[in-house]
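Engineer: Structure for the following, please:
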Amino acid sequence: MNAFEHIGKQDTQSVAERRSRMPPIPNDFHSLITHEQRIALNQKQQFGWFVKFVRRPLFQPIEVVLSNPDGSEFLMLENEGTTRPFFNVRTDDLR
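Structural biologist: Numbering: from 1, shown residues only. Okay, here's the model as predicted:
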């Protein structure tokens, strides 16, 4: 096995290892988000947007990432209920 193959195999396994087998959306998701986020999420869901995944960085608030129905755009749902474009998505990780 050459070095490139070794790195490629580690990269595909690292996503599952970083999450420690946690689901992309926690079971208690609605209890983790603010009231403003719930309102904004409800409004976005009326237009087909949905929660794609939730990032849970250590010692920081969770980060909610939304996707449009065809998966071509992503938005970060801020704590105050506003949204901003989110570009830090590796599409290979979402398969």
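Engineer: C-alpha from now on. contacts and neighbour counts both.
Structural biologist: Fine.
Engineer: which residue is nearest the middle of this structure?
Structural biologist: Residue closest to the mean C-alpha point of the chain, counted by Cα atoms, centre = their mean, is residue 53 at 2.8 Å.
Engineer: Return the residues in contact with it.
Structural biologist: Applying Cα atoms under 8 Å, 6 or more residues apart in numbering to residue 53 gives the contacts 24, 25, 64, 65, 66.
Engineer: got a list of what the nearest residue to residue 39 once chain neighbours are set aside touches?
Structural biologist: Among residues not flanking residue 39 along the chain, residue 81 sits closest, at 7.2 Å (Cα to Cα, 6 or more residues apart in numbering). Contact analysis of residue 81 by Cα under 8 Å, 6+ apart lists 36, 37, 38, 39, 40, 41.
Engineer: let's see 7 Å
Structural biologist: By Cα atoms under 7 Å, 6 or more residues apart in numbering, residue 81 lies in contact with 36, 37, 40.
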